[in-house]
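Colleague: coords please:
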Amino acid sequence: MLRRLLLTAAVSASAALSSAPGAVAGTLSHAPGVSPLPAASPSGSSAAFTGGGSSLFPAGTPSARAVAAASGVVLPALMPPPARPEDSSDRLTVTVAGAGGGADGTFELDCHPAGGTHPRAAEACDRLDRMTTWGKDTFAPVPPDALCTMVYGGPATAHVTGTWAGRPVDARYDRANGCEISRWNALVPVLPDARS
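Modeller: Have a look, this model is predicted:
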């Protein structure tokens, strides 16, 4: 409870500071009748201002980020980590069985640039790019507690392995129920269009 109060106070103080008249990013101004707040140093601790008036928090009071870290709260990152050269290798192996119509087989899919033995490599890479969202697994399985219609979509199965967006991929697909059919259809043309 004390941690929550400290976090709330630190966040409220930061909000009050940013809404003070004349406040500009990177500068602090004094609102009439309000003492200056301590500024967070790069190390996460705060330093009290010297000069007229006393600060709301004495020197050594932790910043909002330090309070959040101490209480186990994870604050969102402002931007994703920088791209690494090894993350640019988007290469998948797609193995399809039971789809029929010449769609069965094992295909290599390279993206950025598109290539490999996949019959619709450029379209498949575009689809994956549109589906990829920071913090979300593009190839996530159907959640175990999902309510799915009992619709059978055929015997087609697929196994996708490799690397996408710097993360390993090992995903299996089938068309055993409504959820699995939707999951499969969302990945077309990476997987063949097996709609019945």
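Colleague: What residues sit buried inside stretch 94-103?
Modeller: Using 16 or more other C-beta atoms under 10 Å as the test for burial, stretch 94-103 gives 94, 96, 99, 103. Any C-beta I mention is one placed from the backbone N, CA and C, and that applies to glycine too.
Colleague: May I see the residues you listed organised as CSV, with pLDDT added?
Modeller: Listed next are the buried residues of stretch 94-103 as CSV, based on pLDDT from 0 to 100:
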residue, pLDDT
94, 98
96, 97
99, 94
103, 93
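Colleague: so what's residue 96 bridging to?
Modeller: residue 105, residue 158 (DSSP bridges).
Colleague: List the contacts of it.
Modeller: Listed by C-beta atoms under 8 Å, 6 or more residues apart in numbering, the contact partners of residue 96 are 103-107, 156-158, 191-192.
Colleague: Just name the shakiest helix or strand of this structure by mean pLDDT.
Modeller: Least confident helix or strand, the chain: strand 46-47 with a mean of 40, by mean pLDDT, DSSP states H and E.
Colleague: So residue 129 belongs to a helix, correct?
Modeller: Yes: under DSSP: H, G, I helix; E, B strand; the rest coil, residue 129 sits within a helix.
Colleague: The closest residue to it other than its chain neighbours: how many residues sit nearby?
Modeller: Among residues not flanking residue 129 along the chain, residue 111 sits closest, at 7.5 Å (C-beta to C-beta, 6 or more residues apart in numbering). If you count neighbours by other C-beta atoms under 10 Å, residue 111 ends up with 22.
Colleague: hang on, residue 111 packs against residue 132?
Modeller: No: between residue 111 and residue 132 there is no contact under C-beta atoms under 8 Å: 10.2 Å.
Colleague: just to revisit the earlier point, identify, from the buried residues of stretch 94-103, the entry nearest to residue 187.
Modeller: Minimum distance to residue 187 across those is 9.3 Å, recorded for residue 94 (C-beta to C-beta).
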